[in-house]
Structures are given as C-alpha cells and as structure tokens.
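What follows is a protein structure lacking sequence information:
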C-alpha cells in the first residue's frame, strides 16, 4: 500500500518551509505559526515511547510466537550494541535463517523426494550430455546407454527388486 494510501501527500510546513519563501516576507501570523511548528518538532527526551500493550494488540499471537527467539536476541544485544545496530543484526539474522532453511529444504527434497520409478509425482531432474567439441578428448561423445533397457528406467535398474 502507498505511504499516503492514495491521498496526495501534503506538507504541514506550508509555504514557509522553503527559505526563499520566508525571505520574500512573512506575516506576523506566519511567524507565530512557524515558531510554534519549530517548537513542535523537538521531541521529548523519552520519545519515541514504546507501549508494550499497543504492540501486543497490533501483532497477532502466531507472529509473536515466531518472532520471540529473535526478539530475545535483540533485547540482549541492545544494551551492548545500541538499538539501531541490534535491530540490523536481528533483521540480518532472520533473513539468513530463512535463506539457510530454504537451502536445506531444497537439499532434503532432492535427496529424499525426487522423481524415481517408485513415485508418480516429484520434480524430475535430468542430466544433459556433456559438451564435447572437436579437438577435445572424447569427441564425438558416445553415450554408454543402450536403447533396450537404459532409457526411461528412472532408477529401476538399480533397485533391489530388479536383482
């Protein structure tokens, strides 16, 4: 979703946000308004305030559950590294964990759930024949498979049933 949710963005600083506009001339009302606006931009020392109940209401229980390990890591790193750096480490750790999980899941799938003669489904991975150019050893490439029982066996030849 767009940051303004489809509404055209509008600056609250008005025309006096630009220094050139201020030099043209400002009315007394504009000066008072600008003075108040600048005063409002100064945050209190305790801001931003973290309200725990607000975050509990905003984040559903399932999301809080899977975020808990990295949140506890963030809480332990914050006094040592500071909030921005600990937040960066929490973010990077989460992304690297997801990437590692994806790599391991892909490895597991191709190791244990590939397409062979015992299953109907699964991704079938085929190896193409090697590229052998003229002048290289092994040119022309001759396959060691035979037409009578090597093609489309999908691992049946190596099974214990076949012996």
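Ah, there it is. Quick caveat: nothing in here was measured; it's all calculated off a predicted structure.

can you list the domains in the protein?
14-49, 60-112 (automatic domain parsing).

lowest-confidence helix or strand of this structure?
helix 19-24 (a mean of 82; mean pLDDT, DSSP states H and E).

Give the rounded mean pLDDT of the strand or helix carrying residue 104.
Take DSSP states H and E as the rule and residue 104 turns out to sit in helix 83-112. Mean pLDDT, helix 83-112: 94.

can you count the residues close to the residue lying closest to residue 132 once chain neighbours are set aside?
Using CB to CB, 6 or more residues apart in numbering and skipping residues adjacent in sequence, the residue nearest residue 132 is residue 141, 4.4 Å away. Just so you know, the C-beta spots here come from the backbone N, C-alpha and C atoms, and that holds for glycine as well. Counted with other CB atoms under 10 Å, the neighbours of residue 141 add up to 11.

I figured residue 141 was touching residue 130, is that so?
Yes - contact criterion CB atoms under 8 Å: residue 141 and residue 130 qualify, at 6.5 Å.

where does the chain dip in pLDDT?
1-2, 148-151, 162-163 (pLDDT under 70).

now with 90?
1-27, 29-31, 33-35, 37-52, 54-60, 109-133, 135-163 (pLDDT under 90).

can you name the farthest residue from the center of it?
residue 28 (51.2 Å; CA atoms, centre = their mean).

Need phi/psi at it.
phi -60, psi -40 (degrees, to the nearest 10).

show me what contacts it?
Applying CB atoms under 8 Å, 6 or more residues apart in numbering to residue 28 gives no contacts.

what do you get for the one 5 residues further on?
The neighbours of residue 33, taking CB under 8 Å, 6+ apart as the test, are 14, 16.

Phi first, then psi, for it.
phi -60, psi -40.

Over to residue 136?
phi -90, psi 150.

how much space between it and residue 130?
10 Å (CB to CB, to the nearest Å).

all helices of this structure, in order?
19-24, 28-40, 52-58, 61-81, 83-112 (DSSP state H).

that older thread, so which of the domains of the chain is the most packed in?
domain 60-112 (a mean of 12; mean count of other CB atoms under 10 Å).

before we move on, back to that, in JSON lines: the domains of the chain, plus distance to residue 118.
Listed next are the domains of the chain as JSON lines, based on distance: least, CB to CB, whole Å:
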{"stretch": "domain 14-49", "distance to residue 118": "59"}
{"stretch": "domain 60-112", "distance to residue 118": "12"}
